[in-house]
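Colleague: Here is a sequence with its predicted model. Questions after.
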Amino acid sequence: MALADQLITRARQGQYIIVTLEGLLLRAQMHAELGDERASRADYFAALQLGEPEGFIGVFVEQGSAARALTSLFRSNQLENVQPEYVERILNAFRKASPVEPAADEPTEPDLPAATLAAALIEPLTDRELEVLQLMAQGLKYKEIAAELFISLNTVRYHVKTIYGKLNANNRTQAIESARQLQIL
């Protein structure tokens, strides 16, 4: 538990939102396992407050056990200043992330159009993230992307980190390949 506390504190200090979210969700699970429901709910609530401004959804879905706790918070109307629509989007993403597999004798769907594939992302890329991704695919460096879009270098880094998270990528090559497979690029 002490390690989780340190991770969350350092991630917050460094403004690493996704790492902070992951730490809060992990610590919430640990609290729940230890039987401390109050502390668990507090961490889930803190994660919702942190994730809502940017609309983070995927990080909650990756922590599969969060669905039950979020449903409980939602149903008991304990969201305070977190918009219920945001929690609904997360809960819908849980359902979307674990679709029912068709039976062996059922026909599968034909290839989906690009718009449908892009919508298959749990968290779609924003227009600005798409612009950054397109410039990355053209081979521009972060500094060049910043100049092209009239934004700071740190803003480019932030968008890239978010793109990686949404596309489940660890580097530029993986992000571009994933975007091409999803027919976003």
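Modeller: Structure's in. What do you need?
Colleague: Domains in the chain, by residue range?
Modeller: When the chain is parsed with automatic domain parsing, its domains come out as 2-97, 114-181.
Colleague: any idea which helix or strand comes after the helix or strand of the chain with the lowest mean pLDDT?
Modeller: Here the helix or strand of the chain ranked lowest by mean pLDDT, DSSP states H and E is helix 114-119, holding a mean of 45. Next in sequence after helix 114-119, counting helices and strands by DSSP states H and E, comes helix 127-137.
Colleague: Run through the neighbouring helices and strands of the next helix or strand after that following helix.
Modeller: Next helix or strand after helix 127-137 toward the C-terminus (DSSP H and E): helix 142-149. Where contact means 3 or more Cβ pairs under 8 Å, 6 or more residues apart in numbering; DSSP states H and E, helix 142-149 is packed against helix 127-137, helix 153-167. Just so you know, the C-beta spots here come from the backbone N, C-alpha and C atoms, and that holds for glycine as well.
Colleague: The first one to helix 153-167, inter-axis angle?
Modeller: In other words, helix 127-137. Our comparison of helix 127-137 with helix 153-167, counting by axes from the mean of the first three to the mean of the last three Cα atoms, to 10 degrees, yields an angle of 90 degrees.
Colleague: Now do helix 127-137, average pLDDT.
Modeller: Per-residue pLDDT values over helix 127-137 give a mean of 93.
Colleague: Need the residues that contact that helix.
Modeller: Outside helix 127-137, the residues within contact range by Cβ atoms under 8 Å, 6 or more residues apart in numbering are 125, 144-145, 148-149, 156, 159-160, 162-163, 166, 172, 175-176, 179, 184-185.
Colleague: Just the C-alpha atoms of that helix, please, in CSV.
Modeller: Extracted C-alpha coordinates of helix 127-137, given in CSV (Å, rounded to 0.1, in the frame of the first residue of the first chain):
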residue,chain,number,x,y,z
ASP,A,127,-9.4,16.3,-33.8
ARG,A,128,-6.1,17.7,-32.4
GLU,A,129,-4.8,14.3,-31.6
LEU,A,130,-5.6,13.2,-35.1
GLU,A,131,-3.6,16.2,-36.4
VAL,A,132,-0.6,15.3,-34.3
LEU,A,133,-0.8,11.7,-35.3
GLN,A,134,-1.0,12.6,-39.0
LEU,A,135,2.1,14.8,-38.6
MET,A,136,3.9,12.0,-36.7
ALA,A,137,3.1,9.7,-39.6
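Colleague: correct me, but residue 81 touches residue 49?
Modeller: Yes. The criterion here is Cβ atoms under 8 Å, and residue 81 meets it with residue 49 at 7.2 Å.
Colleague: Of those two, which one has the most company?
Modeller: Counting neighbours by other Cβ atoms under 10 Å for residue 81 and for residue 49 shows that residue 49 has the greater number, 15 against 8.
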